[in-house]
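Student: Here is a sequence with its predicted model. Questions after.
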Amino acid sequence: MTSPNDTELWSALSRQWQTLARDGEGSTIALQAYVERHRRRLRWLRFLDIGVTIVAVCACVWFIAHDRSAFSVLFVVDTLAVLAIVWTFSIVTGRGLSRATAASTAEYLTLARRFAHRRLQTVHLALALLAAQILVVGLMFPAMESPLARSFPPLPVAGTIAWLVWTFVTRRRALRELATIDALDRESSRMK
Amino acid sequence: MTSPDPNARYETILQEYLPALRRLVAAYESDLHEREDLLQNIAFAIWRALPSFRGDSSARTFVYRIAHNRAISHRLTGSRRSRLIALGESPPDIPDARPNAAAELDRAELGATLMTCVRSLSPMLRQTLVLSLEGLTNPEIADVLGVSVSTVAVRLTRARAAVTTSLKMPAHDIA
């Protein structure tokens, strides 16, 4: 058995390592095509966020212009409040994260922890918004006479279930990430 | 690295470091599809970070830093598929597309064995050893990882001891 620090052995292994994938499959063209596709996708997602907000605001304006009932007012106030909360949350918690880069792996772990915590905060906000919506519906809608309020379509129920599933999955994922980061931090500090 | 065209600069970096990135990706992911996913993630992250690269460090440490950080991120958000492999599925190995592969069978086997040994290391040891195998000096590795040079030395000693034990072969078989 050779010493782990055997220079000759490790020089040979390093040379051997560097022959791996030297003429491997694929080229930079495919990667560059992927990068271009991903750039376009991100740009569209940004437009989509803004587009959905504009559509929701326009719908509120149209709704209040055509129906001045208590239900319409509540619907519009509720929608605008949710939009304001979500955008404020997104801007406040996302500050410094959108184009964050880390100078080292140690810094990257700190950044990854911030991302995971932000995901947990998003879950908490989503649950708080859902509770607020259920409260609004439970307290206000029974007293209203609007046909829309009375019909109570199945869509809100399906939406609530989907919302709950999303929060459950996201929370579990964020907790798993935090556990992995903790393990990496522990391993890192053990070897200092 | 002083090319004014960012696309040309990106292409140059990608071309120069693609084999190293493929080795790095293979050290983190044994599944072929996961490897491709990770490689694409790294390529995108390099493109995104390139405008902020002012040449304070070498292009090599810049690329390896991004690549290793992305690899860690990939593990944090790893798919069910890669977790299943991590739990003990038999992993397909990195392809060796060199000509005359039969003539180099022993060396190829050694390379594959080395890759398997590297994969079995803990993330921090693996990261340090891969950078060392790529030819980075201890101060360069310390720069990439954000730790002291003495920490790098400690990790390298442990990683090398673990790999040497796994390989269980005398030095003359390799050199």
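Tutor: Sure, I can see it.
Student: where along chain A do the helices fall?
Tutor: A:7-19, A:28-66, A:70-94, A:105-140, A:147-151, A:155-190 (DSSP state H).
Student: count of neighbours near residue A:138?
Tutor: Counted with other CB atoms under 10 Å in any protein chain shown, the neighbours of residue A:138 add up to 9. C-beta coordinates here come from the backbone N, C-alpha and C atoms, glycine included.
Student: out of the helices of chain A, nearest to residue B:24?
Tutor: helix A:7-19 (10.6 Å; CB to CB).
Student: which helices and strands sit right next to that closest one?
Tutor: helix B:6-28, helix B:105-119, helix B:123-133, helix B:149-167, helix B:171-174 (3 or more CB pairs under 8 Å, 6 or more residues apart in numbering or on different chains; DSSP states H and E).
Student: How far off centre is the fourth one?
Tutor: Helix B:149-167 has its C-alpha centroid displaced from the chain centroid by 16 Å (CA atoms, centre = their mean, to the nearest Å).
Student: for the first one, same thing?
Tutor: Taking the mean C-alpha point of helix B:6-28 and that of its whole chain, the gap between them comes to 11 Å (CA atoms, centre = their mean).
Student: for the third one, same thing?
Tutor: Relative to the centre of its chain, helix B:123-133 is centred 8 Å away, using CA atoms, centre = their mean.
Student: tell me the average confidence for it?
Tutor: For helix B:123-133, mean pLDDT is 91.
Student: okay, the helices of chain A, which one's buried deepest?
Tutor: Neighbour counts (mean count of other CB atoms under 10 Å in any protein chain shown) averaged over each of the helices of chain A peak at helix A:7-19, with a mean of 17.
Student: mean confidence for that one?
Tutor: 84.
Student: Also compute the angle for it relative to helix B:149-167, please.
Tutor: Using axes from the mean of the first three to the mean of the last three CA atoms, to 10 degrees, the direction of helix A:7-19 lies 80 degrees away from that of helix B:149-167.
Student: and the angle for helix A:7-19 with helix B:105-119?
Tutor: Using the same axes, to 10 degrees: helix A:7-19 against helix B:105-119 is 100 degrees.
Student: where are the low-confidence patches of the chain?
Tutor: Picking chain A for this. A:1-5, A:22-26, A:96-101, A:141-155, A:192 (pLDDT under 70).
Student: Hmm, no, I was thinking of chain B.
Tutor: Scanning chain B for pLDDT under 70 picks out the ranges B:1-4, B:78-108, B:169-175.
Student: Kindly report the domain assignment for it.
Tutor: Domains of chain B are assigned by automatic domain parsing as B:1-94, B:96-175.
Student: Need the helices and strands packed on helix A:7-19 in TSV (columns: distance to chain A and mean neighbour count).
Tutor: Below are these laid out as TSV (distance: least, CB to the nearest CB, whole Å; neighbours: other CB atoms under 10 Å in any protein chain shown):
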stretch	distance to chain A	mean neighbour count
helix B:6-28	4	19
helix B:105-119	5	17
helix B:123-133	4	24
helix B:149-167	4	18
helix B:171-174	4	14
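Student: Pipe the domains of chain B into a markdown table and attach distance to residue A:21 per row.
Tutor: Below are the domains of chain B laid out as a markdown table (distance: least, CB to CB, whole Å):
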| stretch | distance to residue A:21 |
| --- | --- |
| domain B:1-94 | 4 |
| domain B:96-175 | 8 |
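Student: For chain A, which residue gets nearest to chain B?
Tutor: residue A:104 (2.5 Å; CB to the nearest CB).
Student: With residue B:136 as the reference, measure out to that residue.
Tutor: As judged by CB to CB, to the nearest Å, residue A:104 and residue B:136 stand 13 Å apart.
Student: Phi first, then psi, for the spatially closest residue to the residue of chain A closest to chain B that is not a sequence neighbour.
Tutor: Counting by CB to CB, 6 or more residues apart in numbering or on different chains, residue B:146 is the residue found nearest to residue A:104 once chain neighbours are left out, at 2.5 Å. Main-chain dihedrals, residue B:146, degrees, to the nearest 10: phi 70, psi 30.
Student: can you tell me which residues contact the residue in chain B that chain A sits nearest to?
Tutor: With CB to the nearest CB as the measure, residue B:146 is the residue of chain B nearest to chain A, at 2.5 Å. Residue B:146 is in contact with A:103-107, counting by CB atoms under 8 Å, 6 or more residues apart in numbering or on different chains.
Student: Can you check which residues contact both of residue A:104 and residue B:136?
Tutor: Common neighbours of residue A:104 and residue B:136 (CB under 8 Å, 6+ apart) are residue B:144.
Student: if we compare the domains of chain B, which one ends up closest to residue A:172?
Tutor: The nearest among the domains of chain B, by CB to CB, is domain B:1-94 at 12.2 Å.
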